[in-house]
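Asker: with the input below, show me the fold.
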Amino acid sequence: MASSLDNLVNNLKPEQFENVEKHFDVDFEMLLRKGVFPYDWFNSLEKLDETQLPAKRCVLFKIK
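Answerer: Model prediction:
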């Protein structure tokens with residue numbers, strides 16, 4: 001693809017996300033925003049069991 005995923009999604013109209021809106025019972029506008037993911041922190045599948053992300057300072061300074 002010549003564009004980033006963010007650019008491609010930004011070109012879509014909200015009504016084109018009908019399946020997203022149908023399957024996720026959360027704030028629809030929040031789902032359309034770009035998020036942040038702590039790739040350095042996510043180093044094992046056990047982290048998927050966590051109920052919240054680490055504090056920013058833990059990720060920045062690699063505190064476990």
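Asker: and the most centrally placed residue in the chain, how close does it get to Ala2?
Answerer: Among the residues of the chain, the one closest to the centroid is Gly35, at 4.3 Å (C-alpha atoms, centre = their mean). For Gly35, the distance to Ala2 (C-beta to C-beta, to the nearest Å) stands at 23 Å. Just so you know, the C-beta spots here come from the backbone N, C-alpha and C atoms, and that holds for glycine as well.
Asker: what does Val36 give?
Answerer: Applying C-beta to C-beta, the value for Val36 to Ala2 is 24 Å.
Asker: more neighbours: which of these two?
Answerer: When Val36 and Ala2 are compared for neighbours, Val36 comes out ahead with 8 against 5, by other C-beta atoms under 10 Å.
Asker: please identify which helix or strand holds the more buried one.
Answerer: According to DSSP states H and E, Val36 maps onto no helix or strand at all.
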